[in-house]
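Peer 1: need coordinates for the following:
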Amino acid sequence: MTGHEDRPLRAVKDSAQEGADARSASPPAAGSRRERFRRRGVYLLPNLITSGALFAGFYAIVAGMNGNFVAAALAIFVAIALDTADGRVARLTKTESQFGAEYDSLSDMVAFGVAPALVAFSWGLSSLGQVGWVMTFVYMACAALRLARFNTSGDNAGFTGLASPSAAAIIACCVWSWESHVGGAPGLLAALTMGVITTAVGLLMVSNFHYFSPKLINFKGRVPFLTLVAVVLGLSLMMLNPPVVLLTMATLYAFSGPVQQAWKTVHARRQKQQESPEQ
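Peer 2: Take a look at the predicted model:
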């Protein structure tokens with residue numbers, strides 16, 4: 001059979017193949033439509049917890065503006081607890097998503113960037129005039145930069161720079177401790193001290209100091225019995241004076257980055273001196 005005689009047969013085969021392709025490209029089943037709709041939706045549980053953290057940050061701002069500084073500090077700690085819970089719940093329930101990550105970052109900016117700064121400003125930094133609001137803005141800008149760097153780097157083995165919840169805890173504890181043990185409007189010296197603390201904590205957030213990440217703690221694994229005893233004793237000690245104990249813990253954690261970096265620098269210099277030949 002010649003090539004010319006083959007053409008009609010090829011045309012029939014091509015036509016049949018096109019028909020089969022058209023049948024295979026029929027409208028998707030209902031299950032596929034449901035799957036696409038599910039992908040367009042959002043997970044309820046982790047985002048609901050994130051919304052709670054966002055509300056706690058907003059409540060801290062309102063309470064601080066109304067002079068309820070203890071309530072504002074407690075609201076910031078509620079936001080810290082909820083921020084810790086939403087990520088773990090998302091990982092445990094396998095409901096992690098890009099939307100949840102972005103929503104969590106925006107919630108962190110309100111709860112740990114805007115709220116602590118405005119609480120500190122309403123508490124005493126406003127009495128410093130222009131210097132006070134500049135210190136407040138430095139903290140908020142550093143918090144935004146810290147969150148942006150974390151989102152782009154995705155460091156899970158540790159934190160580069162002080163985490164924003166830890167920075168917010170220091171400011172909240174300072175205000176809470178003052179209201180619990182001193183009370184009244186802060187003087188110029190107290191306001192200046194708070195301004196220095198706010199600025200220093202903000203700069204620690206954008207520093208290159210390395211901090212231990214609580215994400216590395218394995219709550220599913222076994223630990224020595226004494227570890228549980230130490231946790232119980234720590235909680236009991238915290239009940240004696242919550243603002244002072246929490247402030248001490250947050251401050252020690254904030255100093256751990258610079259101290260660790262200084263130790264590494266000194267150790268490297270000593271090792272270099274030992275390896276260098278004697279003059």
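
Peer 1: residue 170 - how many residues pack around it?
Peer 2: Neighbour count for residue 170, taken as other C-beta atoms under 10 Å: 23. Every residue, glycine included, has its C-beta placed from N, CA and C.

Peer 1: give me the next element, helix or strand, following the helix or strand containing it.
Peer 2: In this assignment (DSSP states H and E), residue 170 forms part of helix 164-181. Note on helix 164-181: by DSSP H and E, the next helix or strand toward the C-terminus is helix 188-205.

Peer 1: show me what that following helix is packed up against.
Peer 2: helix 115-123, helix 130-153, helix 164-181, helix 242-275 (3 or more C-beta pairs under 8 Å, 6 or more residues apart in numbering; DSSP states H and E).

Peer 1: repeat the analysis, applying 7 Å as the threshold.
Peer 2: Applying 3 or more C-beta pairs under 7 Å, 6 or more residues apart in numbering; DSSP states H and E, we find helix 188-205 packed against helix 130-153, helix 164-181, helix 242-275.

Peer 1: could you list the buried residues of it?
Peer 2: For helix 188-205, burial by neighbour count (16 or more other C-beta atoms under 10 Å) applies to 190-192, 194-195, 197-202, 204-205.

Peer 1: which helices and strands sit right next to the helix holding residue 170?
Peer 2: Applying 3+ C-beta pairs under 7 Å, 6+ apart, one finds that helix 164-181 contacts helix 69-92, helix 115-123, helix 130-153, helix 188-205, helix 242-275.

Peer 1: deepest-packed of those helices, please.
Peer 2: Highest mean neighbour count among these (mean count of other C-beta atoms under 10 Å): helix 115-123, with a mean of 26.

Peer 1: specify the angle between it and helix 188-205 in degrees.
Peer 2: 170 degrees (axes from the mean of the first three to the mean of the last three C-alpha atoms, to 10 degrees).

Peer 1: helix 115-123 - contacts with which helices or strands?
Peer 2: Contacting helix 115-123 under the criterion 3+ C-beta pairs under 7 Å, 6+ apart are the following elements: helix 44-65, helix 69-92, helix 130-153, helix 164-181.

Peer 1: looking at it now, give me its mean pLDDT.
Peer 2: In this model, helix 115-123 has a mean pLDDT of 96.

Peer 1: relative to helix 69-92, how tilted is it?
Peer 2: Computed by the same axes, to 10 degrees, the angle separating helix 115-123 from helix 69-92 equals 180 degrees.

Peer 1: contacts for helix 115-123?
Peer 2: Applying C-beta atoms under 7 Å, 6 or more residues apart in numbering, the contact partners of helix 115-123 are 57, 60-61, 64-65, 69, 72, 76, 132-133, 136, 139-140, 168, 171-172, 175, 186, 194, 198.
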